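Participant: Based on what follows, work out the 3D shape:
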Amino acid sequence: MDEAARLANATLAVGLLVLGLKVAAYLLTGSAALYSDAAESVVNVAAAVALIVAVRLAAAPPDRNHPYGHHKAEYVSAVLEGALIVIAAGAIFHEAWSTWRDPGELEFSAAGLGANLAASVINGIWCAVLLRRGKALRSPALAADGQHLLTDVISSVGVLVGIAAALLTGQLWLDPLIACAVALNVLWSGAKLVRTSVGGLMDEAASPAAQDRIRGVIATNAEGAIEAHDLRTRNAGRLTFVDFHLVVAGDMRVTEAHDICDRIERALHEEDADMVVTIHVEPDDKAKHAGIVVL
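Facilitator: Numbering: from 1, shown residues only. Have a look, this model is predicted:
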């Protein structure tokens, strides 16, 4: 997890840089839409701090109180980020409403718009890095932060287009309207993030495609057994926990049954090195005889 920790630290540095650029853009233009963009970047910085803590905690080895490890800490970080996004959306709505009731002068500032554009480019590049490496490292926290930055980039592009329209047409009401649109987008992003993260905390099963691959590996490598049933899976950060019952002949030697289990475990680990496998062996006269027929 060294790479994940480095990426988390770099995310904080990028977040602070982007926040500085967006605050400067808001101060130079007085735009409510740019305020909304800066408010979301405050969330990015707070989320980056939570990301650093979560990644380091998730990398800690199992201990007496956490024998299955600390991998779910990443889901907690992602849920926290979702909650912060909702708070940011509320702040954006408030600023947009204030601007709608009492619109101020919208100043054209090439430096301000340029600062916001530069921030968006930086965010876009780092977003691509987090999404790619988060998927490769199977890190829910990194992937969630990358997804949030993607929403931020889309919002920023919309803000710049909207401000340009407001300045060109003189229709100042476009500014708070764009801010509201950004808030809705931010709110939707936060809801999706919370939904995905809560699924991980609730021991959501592996994807149907992953379960099909697991069944295939078991069926291919369970020669000597009668059947397998009660297959269960759950994801915890980068780990996938798999457990099932393996039915063997009642008079089979323990060593033979153990060899079959070892063969299946090796094959599953070749499929996914981050898989944790538990197999319960039972004699055929005690089996439920339901589930995956492997022979």
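Participant: Quick one: classify the residue lying farthest from the centre of the chain as helix, strand or coil.
Facilitator: Most distant residue from the mean C-alpha position of the chain: residue 251, 48.0 Å away (Cα atoms, centre = their mean). Secondary structure state of residue 251, per DSSP: H, G, I helix; E, B strand; the rest coil, is coil.
Participant: and if you look at residue 246?
Facilitator: strand.
Participant: I'd say it and residue 223 touch.
Facilitator: No - contact criterion Cβ atoms under 8 Å: residue 246 and residue 223 do not qualify, at 11.8 Å. Where you see a C-beta, it was placed from the backbone N, CA and C, and this is true even at glycine.
Participant: what is in contact with these two at once?
Facilitator: Listed as contacting both residue 246 and residue 223 by Cβ atoms under 8 Å, 6 or more residues apart in numbering are residue 260.
Participant: More neighbours: which of these two?
Facilitator: Taking neighbours as other Cβ atoms under 10 Å, residue 246 and residue 223 compare with residue 246 leading, 24 against 11.
Participant: May I have the residues that are in contact with the more buried one?
Facilitator: 222, 225, 228, 257, 260, 261, 264, 279, 280, 281, 282 are the contacts of residue 246 under Cβ under 8 Å, 6+ apart.
Participant: How about residue 115?
Facilitator: 21, 22, 24, 25, 28.
Participant: Same question for residue 170.
Facilitator: Residue 170 neighbours (Cβ under 8 Å, 6+ apart): none.
Participant: Give me the phi and psi angles of it.
Facilitator: Main-chain dihedrals, residue 170, degrees, to the nearest 10: phi 80, psi 10.
Participant: and if you look at residue 249?
Facilitator: Dihedral angles for residue 249 - degrees, to the nearest 10 - are phi -60, psi 140.
Participant: Any idea how many residues pack against it?
Facilitator: Counted with other Cβ under 10 Å, residue 249 comes out at 14.
Participant: Quickly find the element holding residue 242.
Facilitator: In this assignment (DSSP states H and E), residue 242 forms part of strand 239-248.
Participant: What is the nearest of the contacts of residue 115 to residue 69?
Facilitator: Minimum distance to residue 69 across those is 37.3 Å, recorded for residue 22 (Cβ to Cβ).
Participant: one step back: direction included, what does the strand holding residue 242 pair up with?
Facilitator: Looking at strand 239-248 with DSSP bridges, its partner strands are strand 227-236 (antiparallel), strand 275-283 (parallel).
Participant: same question for the longest one, mean pLDDT?
Facilitator: In other words, strand 227-236. In this model, strand 227-236 carries a mean pLDDT of 88.
Participant: Can you give me the buried ones in that strand?
Facilitator: Neighbour-count burial for strand 227-236 flags 227, 228, 229, 231, 233, 234, 235, 236 (criterion: 16 or more other Cβ atoms under 10 Å).
Participant: do you know how far residue 218 is from residue 270?
Facilitator: Relative to residue 270, residue 218 is positioned 13 Å away (Cβ to Cβ, to the nearest Å).
Participant: more crowded one of these two?
Facilitator: residue 218 (24 against 11).
Participant: Does the more buried one lie in a helix or a strand, and which?
Facilitator: helix 208-221.
Participant: distance between that helix and the chain's centre?
Facilitator: 25 Å (Cα atoms, centre = their mean, to the nearest Å).
Participant: Output the contacting helices and strands for that helix.
Facilitator: Judged by 3 or more Cβ pairs under 8 Å, 6 or more residues apart in numbering; DSSP states H and E, helix 208-221 is in contact with strand 227-236, strand 239-248, helix 254-271.
Participant: These into JSON lines, with extra columns for distance to residue 98?
Facilitator: Converted to JSON lines, those look like this (distance: least, Cβ to Cβ, whole Å):
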{"stretch": "strand 227-236", "distance to residue 98": "43"}
{"stretch": "strand 239-248", "distance to residue 98": "47"}
{"stretch": "helix 254-271", "distance to residue 98": "55"}
